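Enquirer: kindly return the folded structure for what I paste below:
(one chain, ligands or ions: 3)
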Amino acid sequence: MNDLVLKNCKLIESLENHYIGIDNGKISEISRQPLKADEEVDIKGKIILPGLIDPHVHFRDPGLTYKESFKTGSFAAAHGGFTTILDMPNTIPPTNTVKTFKEKKKIGENKSIINFGLHSGLNDLDEIKKIAKLNPASFKIFMDLYDDFEIEKMFEDISIVNKTKKIPITLHCENKANIEENTNRIKNLECTQGSTAIDYSYARNSESEYLSVKYAVDLAQKYGLSIHICHLSSKKSLEYLKSLKLKSIHNSNIEITTEITPHHLLLDNSSFNKFGTFVKTNPPLRQKGENLTTKSLIDIDMIGTDHAPHRIDEKQKGIWDSSPGIPNLETVLPLLLTEVNRGNIDLKMIPKLMSENPAKRFGIENKGKIEVGYDADLVIIDLKKEGKFNIDNFYTKAKYSPFGNFNYKGIATMTICNGKIIMIKDNIEDDYNNSN
Ligand SMILES: NC(=O)N[C@@H](CC(=O)O)C(=O)O
Ligand SMILES: [Zn+2]
Ligand SMILES: [Zn+2]
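Expert: Ligands and ions are numbered 1, 2, ... in the order given. Reported below is the predicted structural model:
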(Lines give C-alpha, C1' and ligand atoms only; values in the text may rest on other atoms or scores of the structure.)
(Ligands and ions follow the chains in the order given, each with its own letter.)
Protein backbone atom coordinates (compact mmCIF):
# COMPACT_ATOMS: atom_id res chain seq x y z
CA MET A 1 0.00 0.00 0.00
CA ASN A 2 1.21 3.50 -0.82
CA ASP A 3 2.05 5.93 1.98
CA LEU A 4 0.46 8.82 0.15
CA VAL A 5 -1.61 9.41 -2.97
CA LEU A 6 -1.89 12.77 -4.67
CA LYS A 7 -5.16 12.86 -6.55
CA ASN A 8 -6.22 15.16 -9.39
CA CYS A 9 -2.71 16.35 -10.33
CA LYS A 10 -2.21 17.65 -13.84
CA LEU A 11 0.97 16.38 -15.46
CA ILE A 12 2.50 18.91 -17.77
CA GLU A 13 2.64 16.60 -20.82
CA SER A 14 -1.09 15.93 -21.08
CA LEU A 15 -2.59 18.43 -18.63
CA GLU A 16 -4.98 15.66 -17.61
CA ASN A 17 -5.71 14.69 -14.02
CA HIS A 18 -3.67 11.81 -12.61
CA TYR A 19 -3.18 9.94 -9.36
CA ILE A 20 0.40 9.74 -8.13
CA GLY A 21 1.24 7.07 -5.60
CA ILE A 22 4.17 7.60 -3.24
CA ASP A 23 5.75 4.81 -1.28
CA ASN A 24 8.86 5.01 0.85
CA GLY A 25 9.85 8.39 -0.58
CA LYS A 26 9.61 7.21 -4.20
CA ILE A 27 7.02 7.59 -6.92
CA SER A 28 5.44 4.13 -6.99
CA GLU A 29 2.54 4.55 -9.43
CA ILE A 30 1.16 7.10 -11.86
CA SER A 31 -2.35 6.39 -13.04
CA ARG A 32 -5.57 7.88 -14.43
CA GLN A 33 -7.41 5.47 -12.09
CA PRO A 34 -7.76 5.88 -8.29
CA LEU A 35 -4.92 4.42 -6.21
CA LYS A 36 -4.96 3.11 -2.66
CA ALA A 37 -2.95 4.75 0.14
CA ASP A 38 -2.82 5.45 3.85
CA GLU A 39 -3.28 9.13 3.12
CA GLU A 40 -4.79 11.00 0.20
CA VAL A 41 -4.29 14.64 -0.72
CA ASP A 42 -6.52 16.31 -3.31
CA ILE A 43 -4.46 18.57 -5.61
CA LYS A 44 -7.69 19.83 -7.22
CA GLY A 45 -6.50 19.92 -10.80
CA LYS A 46 -3.35 21.95 -10.24
CA ILE A 47 -0.15 21.31 -12.18
CA ILE A 48 2.55 19.14 -10.66
CA LEU A 49 6.22 19.51 -11.61
CA PRO A 50 9.35 17.67 -10.52
CA GLY A 51 10.81 19.36 -7.43
CA LEU A 52 13.03 22.26 -8.45
CA ILE A 53 16.80 21.85 -8.34
CA ASP A 54 18.98 24.92 -7.86
CA PRO A 55 22.56 24.29 -8.99
CA HIS A 56 23.88 27.51 -7.41
CA VAL A 57 23.16 28.78 -3.89
CA HIS A 58 25.23 30.29 -1.07
CA PHE A 59 23.90 29.07 2.29
CA ARG A 60 26.83 30.69 4.20
CA ASP A 61 27.07 27.82 6.64
CA PRO A 62 29.55 27.50 8.34
CA GLY A 63 31.09 30.83 9.22
CA LEU A 64 28.63 33.39 7.90
CA THR A 65 25.36 32.20 9.37
CA TYR A 66 24.34 35.73 10.29
CA LYS A 67 23.64 36.07 6.53
CA GLU A 68 21.93 32.66 6.07
CA SER A 69 22.22 29.13 7.44
CA PHE A 70 21.52 25.69 6.05
CA LYS A 71 18.27 25.80 8.01
CA THR A 72 16.97 29.20 6.85
CA GLY A 73 18.33 28.68 3.34
CA SER A 74 16.61 25.32 3.00
CA PHE A 75 13.34 26.76 4.36
CA ALA A 76 13.55 29.51 1.74
CA ALA A 77 14.24 26.88 -0.92
CA ALA A 78 11.27 24.72 0.13
CA HIS A 79 9.09 27.85 0.14
CA GLY A 80 10.19 28.56 -3.43
CA GLY A 81 9.40 25.01 -4.65
CA PHE A 82 12.94 23.59 -4.47
CA THR A 83 13.68 20.09 -3.24
CA THR A 84 17.43 20.01 -4.01
CA ILE A 85 20.15 22.65 -3.93
CA LEU A 86 23.87 22.63 -4.65
CA ASP A 87 25.80 24.84 -2.23
CA MET A 88 28.83 26.91 -3.18
CA PRO A 89 32.16 26.57 -1.35
CA ASN A 90 32.86 30.22 -0.40
CA THR A 91 32.01 29.78 3.26
CA ILE A 92 34.34 30.23 6.24
CA PRO A 93 36.36 28.07 6.24
CA PRO A 94 36.10 27.45 2.49
CA THR A 95 34.90 24.00 1.41
CA ASN A 96 38.20 23.02 -0.17
CA THR A 97 39.61 20.30 2.07
CA VAL A 98 38.32 16.84 2.96
CA LYS A 99 37.86 18.06 6.52
CA THR A 100 35.76 21.13 5.65
CA PHE A 101 33.83 19.22 2.98
CA LYS A 102 32.84 16.54 5.50
CA GLU A 103 32.02 19.16 8.13
CA LYS A 104 29.72 21.04 5.78
CA LYS A 105 28.04 17.79 4.76
CA LYS A 106 27.28 17.12 8.43
CA ILE A 107 25.88 20.62 8.89
CA GLY A 108 23.60 20.08 5.89
CA GLU A 109 22.47 16.68 7.18
CA ASN A 110 21.58 18.21 10.54
CA LYS A 111 19.90 21.38 9.35
CA SER A 112 18.58 21.03 5.80
CA ILE A 113 14.94 20.14 5.17
CA ILE A 114 15.65 19.44 1.50
CA ASN A 115 18.24 17.44 -0.44
CA PHE A 116 21.59 19.03 -1.08
CA GLY A 117 24.92 18.56 -2.77
CA LEU A 118 28.16 20.47 -2.32
CA HIS A 119 30.38 22.20 -4.84
CA SER A 120 34.02 21.98 -3.81
CA GLY A 121 36.60 24.72 -3.83
CA LEU A 122 40.20 24.05 -4.82
CA ASN A 123 43.29 23.45 -2.76
CA ASP A 124 46.42 21.43 -3.46
CA LEU A 125 46.34 18.35 -5.68
CA ASP A 126 46.30 15.98 -2.75
CA GLU A 127 43.09 17.51 -1.33
CA ILE A 128 41.52 17.65 -4.79
CA LYS A 129 42.17 13.93 -5.23
CA LYS A 130 40.62 13.11 -1.86
CA ILE A 131 37.61 15.39 -2.30
CA ALA A 132 36.94 13.82 -5.71
CA LYS A 133 36.12 10.59 -3.88
CA LEU A 134 33.44 12.34 -1.79
CA ASN A 135 31.20 13.00 -4.78
CA PRO A 136 31.32 16.81 -5.02
CA ALA A 137 28.79 18.37 -7.42
CA SER A 138 31.70 20.14 -9.11
CA PHE A 139 34.98 21.90 -8.57
CA LYS A 140 34.25 25.63 -8.49
CA ILE A 141 36.67 28.26 -9.73
CA PHE A 142 36.01 31.96 -9.10
CA MET A 143 37.96 33.15 -12.15
CA ASP A 144 37.50 36.78 -11.06
CA LEU A 145 39.84 36.15 -8.12
CA TYR A 146 42.83 34.61 -9.92
CA ASP A 147 45.39 35.38 -12.59
CA ASP A 148 45.30 33.32 -15.76
CA PHE A 149 48.34 31.20 -14.86
CA GLU A 150 46.75 30.27 -11.51
CA ILE A 151 43.53 29.28 -13.25
CA GLU A 152 45.42 27.10 -15.71
CA LYS A 153 47.13 25.30 -12.82
CA MET A 154 43.69 24.52 -11.35
CA PHE A 155 42.48 23.07 -14.65
CA GLU A 156 45.66 21.03 -14.88
CA ASP A 157 45.19 19.63 -11.35
CA ILE A 158 41.56 18.74 -12.03
CA SER A 159 42.53 17.05 -15.29
CA ILE A 160 44.80 14.70 -13.32
CA VAL A 161 41.92 13.71 -11.04
CA ASN A 162 39.40 13.56 -13.87
CA LYS A 163 41.31 10.89 -15.78
CA THR A 164 39.12 8.37 -14.00
CA LYS A 165 36.21 10.53 -12.81
CA LYS A 166 34.12 13.07 -14.69
CA ILE A 167 33.54 15.87 -12.22
CA PRO A 168 32.38 19.11 -13.88
CA ILE A 169 34.11 22.43 -13.29
CA THR A 170 31.73 25.27 -12.44
CA LEU A 171 33.03 28.70 -13.27
CA HIS A 172 32.47 32.29 -12.24
CA CYS A 173 33.62 33.94 -15.46
CA GLU A 174 35.02 37.46 -15.16
CA ASN A 175 38.59 38.43 -16.03
CA LYS A 176 40.51 39.72 -13.02
CA ALA A 177 43.00 41.93 -14.89
CA ASN A 178 40.25 43.50 -16.97
CA ILE A 179 38.13 44.21 -13.87
CA GLU A 180 41.09 45.82 -12.09
CA GLU A 181 41.93 48.05 -15.03
CA ASN A 182 38.35 49.26 -15.51
CA THR A 183 37.71 49.69 -11.81
CA ASN A 184 40.82 51.84 -11.39
CA ARG A 185 39.88 53.94 -14.40
CA ILE A 186 36.36 54.55 -13.06
CA LYS A 187 37.59 55.22 -9.53
CA ASN A 188 39.96 57.88 -10.91
CA LEU A 189 37.13 59.47 -12.86
CA GLU A 190 35.08 59.35 -9.68
CA CYS A 191 37.63 61.66 -8.00
CA THR A 192 36.88 64.31 -10.57
CA GLN A 193 33.24 63.65 -11.51
CA GLY A 194 31.70 61.54 -8.73
CA SER A 195 30.06 58.20 -9.46
CA THR A 196 26.77 56.39 -9.12
CA ALA A 197 25.91 52.76 -8.45
CA ILE A 198 25.43 52.02 -12.15
CA ASP A 199 29.19 52.55 -12.67
CA TYR A 200 29.69 49.16 -11.08
CA SER A 201 28.36 47.59 -14.27
CA TYR A 202 31.00 49.46 -16.30
CA ALA A 203 33.81 48.50 -13.93
CA ARG A 204 32.97 44.84 -14.57
CA ASN A 205 31.71 44.94 -18.14
CA SER A 206 30.55 42.37 -20.71
CA GLU A 207 34.03 42.28 -22.24
CA SER A 208 35.42 41.06 -18.93
CA GLU A 209 32.96 38.17 -18.87
CA TYR A 210 33.59 37.34 -22.53
CA LEU A 211 37.39 37.22 -22.07
CA SER A 212 36.98 34.91 -19.12
CA VAL A 213 34.46 32.63 -20.87
CA LYS A 214 36.80 32.37 -23.86
CA TYR A 215 39.77 31.52 -21.66
CA ALA A 216 37.70 28.88 -19.84
CA VAL A 217 36.72 27.28 -23.16
CA ASP A 218 40.36 27.30 -24.32
CA LEU A 219 41.44 25.56 -21.13
CA ALA A 220 38.53 23.08 -21.29
CA GLN A 221 39.68 22.11 -24.77
CA LYS A 222 43.35 21.96 -23.84
CA TYR A 223 42.75 19.71 -20.83
CA GLY A 224 39.70 17.83 -22.16
CA LEU A 225 37.51 18.97 -19.28
CA SER A 226 33.82 19.66 -19.16
CA ILE A 227 32.74 23.06 -17.83
CA HIS A 228 29.61 24.73 -16.55
CA ILE A 229 29.42 28.52 -16.78
CA CYS A 230 27.56 30.06 -13.85
CA HIS A 231 25.34 33.14 -14.00
CA LEU A 232 25.91 34.01 -17.66
CA SER A 233 25.06 37.69 -18.04
CA SER A 234 25.76 39.02 -21.53
CA LYS A 235 24.76 38.47 -25.12
CA LYS A 236 28.38 38.66 -26.19
CA SER A 237 29.36 35.60 -24.13
CA LEU A 238 26.29 33.67 -25.23
CA GLU A 239 26.86 34.46 -28.93
CA TYR A 240 30.44 33.22 -28.57
CA LEU A 241 29.28 29.96 -26.96
CA LYS A 242 26.66 29.49 -29.67
CA SER A 243 29.30 29.96 -32.36
CA LEU A 244 31.28 27.10 -30.80
CA LYS A 245 28.29 24.81 -31.10
CA LEU A 246 27.92 25.72 -34.77
CA LYS A 247 31.56 24.87 -35.36
CA SER A 248 31.07 21.66 -33.33
CA ILE A 249 34.33 22.47 -31.60
CA HIS A 250 33.38 20.37 -28.65
CA ASN A 251 32.00 17.40 -30.53
CA SER A 252 34.28 15.10 -28.54
CA ASN A 253 33.58 14.53 -24.90
CA ILE A 254 33.86 17.99 -23.44
CA GLU A 255 30.56 19.43 -22.41
CA ILE A 256 29.92 23.16 -22.02
CA THR A 257 26.74 24.16 -20.21
CA THR A 258 25.37 27.47 -19.01
CA GLU A 259 23.19 28.82 -16.26
CA ILE A 260 21.36 32.12 -15.87
CA THR A 261 19.99 33.88 -12.78
CA PRO A 262 16.50 35.42 -12.62
CA HIS A 263 18.02 38.90 -12.25
CA HIS A 264 20.25 38.61 -15.32
CA LEU A 265 17.26 37.28 -17.23
CA LEU A 266 14.73 39.92 -16.20
CA LEU A 267 16.63 43.08 -15.27
CA ASP A 268 19.15 45.42 -16.85
CA ASN A 269 21.52 47.95 -15.29
CA SER A 270 18.83 50.64 -15.15
CA SER A 271 17.81 48.82 -11.93
CA PHE A 272 20.86 50.47 -10.29
CA ASN A 273 19.01 53.79 -10.57
CA LYS A 274 16.07 52.39 -8.63
CA PHE A 275 17.67 50.01 -6.14
CA GLY A 276 21.23 51.34 -5.87
CA THR A 277 23.70 48.93 -4.33
CA PHE A 278 20.92 46.44 -3.45
CA VAL A 279 21.21 45.15 -7.03
CA LYS A 280 24.99 45.03 -6.89
CA THR A 281 25.95 41.50 -7.87
CA ASN A 282 28.76 39.73 -9.73
CA PRO A 283 28.71 39.68 -12.66
CA PRO A 284 26.72 42.94 -12.71
CA LEU A 285 23.44 43.58 -14.47
CA ARG A 286 24.10 44.58 -18.07
CA GLN A 287 23.20 47.58 -20.12
CA LYS A 288 19.99 47.18 -22.16
CA GLY A 289 20.95 45.61 -25.47
CA GLU A 290 23.92 43.77 -23.98
CA ASN A 291 21.75 41.85 -21.51
CA LEU A 292 20.11 38.45 -21.89
CA THR A 293 16.32 38.13 -21.99
CA THR A 294 13.72 35.38 -22.00
CA LYS A 295 14.34 35.05 -25.76
CA SER A 296 17.86 33.78 -24.93
CA LEU A 297 16.54 30.94 -22.77
CA ILE A 298 16.37 28.57 -25.70
CA ASP A 299 20.20 28.55 -25.73
CA ILE A 300 20.70 28.26 -21.96
CA ASP A 301 20.73 24.98 -20.08
CA MET A 302 19.36 25.89 -16.67
CA ILE A 303 18.31 28.50 -14.15
CA GLY A 304 20.58 28.94 -11.12
CA THR A 305 19.38 31.50 -8.61
CA ASP A 306 22.86 32.38 -7.28
CA HIS A 307 20.97 32.96 -4.02
CA ALA A 308 23.63 35.16 -2.42
CA PRO A 309 22.25 36.60 0.84
CA HIS A 310 23.92 39.42 2.78
CA ARG A 311 22.93 41.51 5.82
CA ILE A 312 21.16 44.76 4.96
CA ASP A 313 23.98 46.99 6.27
CA GLU A 314 26.50 45.09 4.12
CA LYS A 315 24.46 46.07 1.05
CA GLN A 316 24.61 49.76 1.92
CA LYS A 317 28.31 50.54 2.03
CA GLY A 318 28.58 52.46 -1.21
CA ILE A 319 29.28 51.23 -4.70
CA TRP A 320 32.72 49.69 -4.13
CA ASP A 321 32.40 48.32 -0.59
CA SER A 322 28.84 46.90 -0.55
CA SER A 323 28.68 43.10 -0.70
CA PRO A 324 27.65 41.71 -4.08
CA GLY A 325 24.72 39.31 -4.25
CA ILE A 326 20.94 39.00 -4.46
CA PRO A 327 18.71 36.43 -2.70
CA ASN A 328 16.39 34.67 -5.11
CA LEU A 329 15.09 31.31 -3.91
CA GLU A 330 11.64 32.62 -3.01
CA THR A 331 11.12 34.86 -6.03
CA VAL A 332 12.38 32.85 -8.98
CA LEU A 333 9.45 30.52 -9.65
CA PRO A 334 6.71 33.20 -9.45
CA LEU A 335 8.88 35.45 -11.65
CA LEU A 336 9.20 32.76 -14.31
CA LEU A 337 5.58 31.61 -14.07
CA THR A 338 4.55 35.22 -14.61
CA GLU A 339 6.62 35.16 -17.81
CA VAL A 340 4.78 31.95 -18.76
CA ASN A 341 1.47 33.73 -18.22
CA ARG A 342 2.70 36.65 -20.33
CA GLY A 343 3.51 34.23 -23.16
CA ASN A 344 7.28 34.84 -22.95
CA ILE A 345 8.24 31.35 -21.75
CA ASP A 346 6.72 27.97 -22.65
CA LEU A 347 5.57 26.24 -19.45
CA LYS A 348 7.30 23.03 -20.58
CA MET A 349 10.65 24.81 -20.34
CA ILE A 350 10.27 25.35 -16.58
CA PRO A 351 10.81 21.72 -15.47
CA LYS A 352 13.61 21.34 -18.04
CA LEU A 353 15.50 24.46 -16.92
CA MET A 354 14.79 24.13 -13.22
CA SER A 355 14.90 20.39 -12.60
CA GLU A 356 15.66 17.95 -15.40
CA ASN A 357 18.73 19.68 -16.84
CA PRO A 358 20.47 20.44 -13.51
CA ALA A 359 19.84 16.82 -12.38
CA LYS A 360 21.37 15.47 -15.57
CA ARG A 361 24.32 17.87 -15.61
CA PHE A 362 25.35 17.32 -12.02
CA GLY A 363 24.62 13.59 -11.93
CA ILE A 364 21.84 13.84 -9.35
CA GLU A 365 20.32 10.39 -9.61
CA ASN A 366 16.58 9.63 -9.57
CA LYS A 367 15.62 13.27 -9.67
CA GLY A 368 14.43 15.80 -12.25
CA LYS A 369 11.46 13.86 -13.62
CA ILE A 370 8.07 12.58 -12.54
CA GLU A 371 8.40 8.89 -13.33
CA VAL A 372 7.82 5.65 -11.47
CA GLY A 373 10.95 4.80 -9.49
CA TYR A 374 12.09 8.43 -9.25
CA ASP A 375 12.31 10.17 -5.87
CA ALA A 376 9.03 11.75 -4.78
CA ASP A 377 10.38 15.30 -5.01
CA LEU A 378 7.50 17.36 -6.36
CA VAL A 379 6.10 20.86 -6.50
CA ILE A 380 2.48 21.86 -7.06
CA ILE A 381 2.00 25.16 -8.84
CA ASP A 382 -1.01 27.43 -9.09
CA LEU A 383 -0.56 29.15 -12.43
CA LYS A 384 -3.48 31.50 -11.86
CA LYS A 385 -2.69 32.74 -8.37
CA GLU A 386 -1.80 36.43 -8.35
CA GLY A 387 -0.11 38.39 -5.60
CA LYS A 388 2.65 40.68 -4.47
CA PHE A 389 5.77 39.40 -2.74
CA ASN A 390 5.92 40.10 0.97
CA ILE A 391 9.62 39.94 1.70
CA ASP A 392 9.05 40.18 5.45
CA ASN A 393 7.36 36.77 5.24
CA PHE A 394 10.23 35.17 3.35
CA TYR A 395 12.25 32.53 5.17
CA THR A 396 15.63 33.80 3.96
CA LYS A 397 17.50 36.03 6.41
CA ALA A 398 18.18 38.46 3.55
CA LYS A 399 15.15 40.74 3.45
CA TYR A 400 15.89 42.68 0.26
CA SER A 401 15.05 42.13 -3.38
CA PRO A 402 14.73 44.15 -6.57
CA PHE A 403 11.53 42.15 -7.09
CA GLY A 404 9.99 43.25 -3.77
CA ASN A 405 7.05 45.09 -5.30
CA PHE A 406 6.55 42.72 -8.18
CA ASN A 407 3.02 41.54 -9.04
CA TYR A 408 3.34 37.87 -9.86
CA LYS A 409 0.93 35.44 -11.47
CA GLY A 410 1.78 31.82 -10.68
CA ILE A 411 3.41 30.38 -7.55
CA ALA A 412 4.30 27.12 -5.77
CA THR A 413 1.55 26.11 -3.35
CA MET A 414 3.00 22.82 -2.09
CA THR A 415 6.47 21.28 -1.96
CA ILE A 416 6.93 17.55 -1.43
CA CYS A 417 10.43 16.30 -0.66
CA ASN A 418 11.32 12.60 -0.43
CA GLY A 419 7.58 11.82 -0.25
CA LYS A 420 6.82 14.25 2.60
CA ILE A 421 4.85 17.47 2.34
CA ILE A 422 7.25 20.14 3.62
CA MET A 423 5.51 23.33 2.44
CA ILE A 424 1.84 24.18 1.98
CA LYS A 425 0.68 27.68 1.01
CA ASP A 426 3.73 29.56 2.28
CA ASN A 427 3.97 27.54 5.51
CA ILE A 428 6.83 25.21 6.23
CA GLU A 429 5.38 22.13 7.93
CA ASP A 430 5.42 22.39 11.73
CA ASP A 431 7.60 19.33 12.31
CA TYR A 432 10.41 21.10 10.56
CA ASN A 433 9.69 24.57 11.85
CA ASN A 434 10.19 23.38 15.42
CA SER A 435 13.41 21.53 14.74
CA ASN A 436 16.96 22.84 15.16
N1 LIG B 1 27.14 36.60 -7.03
C2 LIG B 1 27.65 37.44 -6.13
O3 LIG B 1 27.65 38.64 -6.37
N4 LIG B 1 28.13 37.02 -4.95
C5 LIG B 1 28.36 35.68 -4.53
C6 LIG B 1 29.58 35.10 -5.12
C7 LIG B 1 29.44 34.69 -6.55
O8 LIG B 1 28.55 33.91 -6.96
O9 LIG B 1 30.26 35.10 -7.37
C10 LIG B 1 28.44 35.64 -3.01
O11 LIG B 1 28.88 34.62 -2.47
O12 LIG B 1 27.99 36.59 -2.37
ZN1 LIG C 1 29.80 33.84 -9.06
ZN1 LIG D 1 27.31 32.56 -6.64
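
Enquirer: tell me where the stretch 1-150 of the chain has strands.
Expert: For the stretch 1-150 of the chain, the strands defined by DSSP state E, counting those that start in this stretch occupy 2-11, 17-23, 26-31, 37-42, 47-50, 52-57, 82-87, 115-120, 138-142.

Enquirer: so which residues make contact with the first one?
Expert: With contacts defined as C-beta atoms under 8 Å, 6 or more residues apart in numbering, strand 2-11 is touched by 16-24, 28-30, 34-48, 370, 376, 378, 380, 416, 419. No exception for glycine: its C-beta is placed from N, CA and C like everyone else's.

Enquirer: partners of it in the sheet?
Expert: Strand pairing for strand 2-11, using DSSP bridges, gives strand 17-23 (antiparallel), strand 37-42 (parallel), strand 47-50 (parallel).

Enquirer: need these in JSON lines with distance to residue 346, can you?
Expert: Below are the strands paired with strand 2-11 laid out as JSON lines (distance: least, C-beta to C-beta, whole Å):
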{"stretch": "strand 17-23", "distance to residue 346": "21"}
{"stretch": "strand 37-42", "distance to residue 346": "28"}
{"stretch": "strand 47-50", "distance to residue 346": "13"}
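
Enquirer: just the ones you listed: most buried one?
Expert: strand 47-50 (a mean of 23; mean count of other C-beta atoms under 10 Å).

Enquirer: any idea how far the residue nearest the centre of the chain lies from ligand 1?
Expert: Centre of the chain computed as the mean C-alpha position; nearest residue by C-alpha atoms, centre = their mean is residue 304, 2.4 Å away. Relative to ligand 1, residue 304 is positioned 9 Å away (C-beta to the nearest ligand atom, to the nearest Å).

Enquirer: what is the neighbour count of the closest residue to that residue other than its chain neighbours?
Expert: Nearest non-adjacent residue to residue 304, counting by C-beta to C-beta, 6 or more residues apart in numbering: residue 56, 3.3 Å away. Counted by other C-beta atoms under 10 Å, the residues lying close to residue 56 total 28.

Enquirer: is it true that residue 56 touches residue 90?
Expert: No - between residue 56 and residue 90 there is no contact under C-beta atoms under 8 Å: 11.5 Å.

Enquirer: let's verify residue 352: helix, strand, or coil?
Expert: Recorded secondary structure, residue 352: helix (DSSP: H, G, I helix; E, B strand; the rest coil).

Enquirer: follow-up on the earlier one: dump the residue contacts of the residue nearest to the centre of the chain.
Expert: 54, 55, 56, 230, 231, 259, 260, 261, 358.

Enquirer: ok, 10 Å please
Expert: Contact analysis of residue 304 by C-beta atoms under 10 Å, 6 or more residues apart in numbering lists 53-57, 85-86, 88, 170, 228, 230-232, 258-262, 328, 332, 353-354, 358.

Enquirer: ok, back up a step: with distance to residue 366 and mean pLDDT added, can I get the strands paired with strand 2-11 in TSV?
Expert: Formatted as TSV, these follow (distance: least, C-beta to C-beta, whole Å; pLDDT from 0 to 100):
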stretch	distance to residue 366	mean pLDDT
strand 17-23	13	98
strand 37-42	21	95
strand 47-50	11	98
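
Enquirer: do you know which of these lies nearest ligand 1?
Expert: Comparison of these against ligand 1 by C-beta to the nearest ligand atom identifies strand 47-50 as nearest, at 25.1 Å.

Enquirer: as a markdown table, the strands paired with strand 2-11 with distance to ligand 1 would be great.
Expert: Output for those, formatted as a markdown table (distance: least, C-beta to the nearest ligand atom, whole Å):
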| stretch | distance to ligand 1 |
| --- | --- |
| strand 17-23 | 35 |
| strand 37-42 | 37 |
| strand 47-50 | 25 |
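
Enquirer: my read: the residue nearest to residue 304 touches residue 232, true?
Expert: No - the pair residue 56 / residue 232 is not scored as a contact, 11.4 Å apart, by C-beta atoms under 10 Å.

Enquirer: what do the two both touch?
Expert: 259, 261, 304.

Enquirer: so which of those residues sit within strands?
Expert: Judged by DSSP state E, the shared contacts of residue 56 and residue 232 include residue 259 as members of strands.

Enquirer: got a markdown table for the shared contacts of residue 56 and residue 232, with pLDDT and distance to residue 284 too?
Expert: Listed next are those as a markdown table, based on pLDDT from 0 to 100; distance: C-beta to C-beta, whole Å:
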| residue | pLDDT | distance to residue 284 |
| --- | --- | --- |
| 259 | 98 | 17 |
| 261 | 99 | 12 |
| 304 | 99 | 17 |
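
Enquirer: quick one: which of the shared contacts of residue 56 and residue 232 is nearest residue 286?
Expert: residue 261 (11.9 Å; C-beta to C-beta).

Enquirer: so what's that closest one up against?
Expert: Residue 261 neighbours (C-beta under 10 Å, 6+ apart): 56, 230-233, 267, 281, 283, 285, 292, 303-308, 326, 328, 332.

Enquirer: now do residue 133
Expert: Neighbours of residue 133 in contact, by C-beta under 10 Å, 6+ apart: 98, 161, 165.

Enquirer: likewise for residue 135?
Expert: Applying C-beta under 10 Å, 6+ apart, the residues near residue 135 are 101, 105, 117, 118, 120, 165, 167, 363.

Enquirer: what's the farthest-apart pair in those residues?
Expert: Going by C-beta to C-beta, the pair spanning the contacts of residue 135 furthest: 105 and 165, at 18.1 Å.

Enquirer: so between these two, which is more surrounded?
Expert: A side-by-side neighbour count of residue 105 and residue 165, using other C-beta under 10 Å, places residue 105 first with 17 against 12.

Enquirer: gap between that one and residue 371?
Expert: Note on residue 105: its distance to residue 371, by C-beta to C-beta, to the nearest Å, is 28 Å.

Enquirer: then residue 327?
Expert: Distance from residue 327 to residue 371, by C-beta to C-beta: 32 Å.
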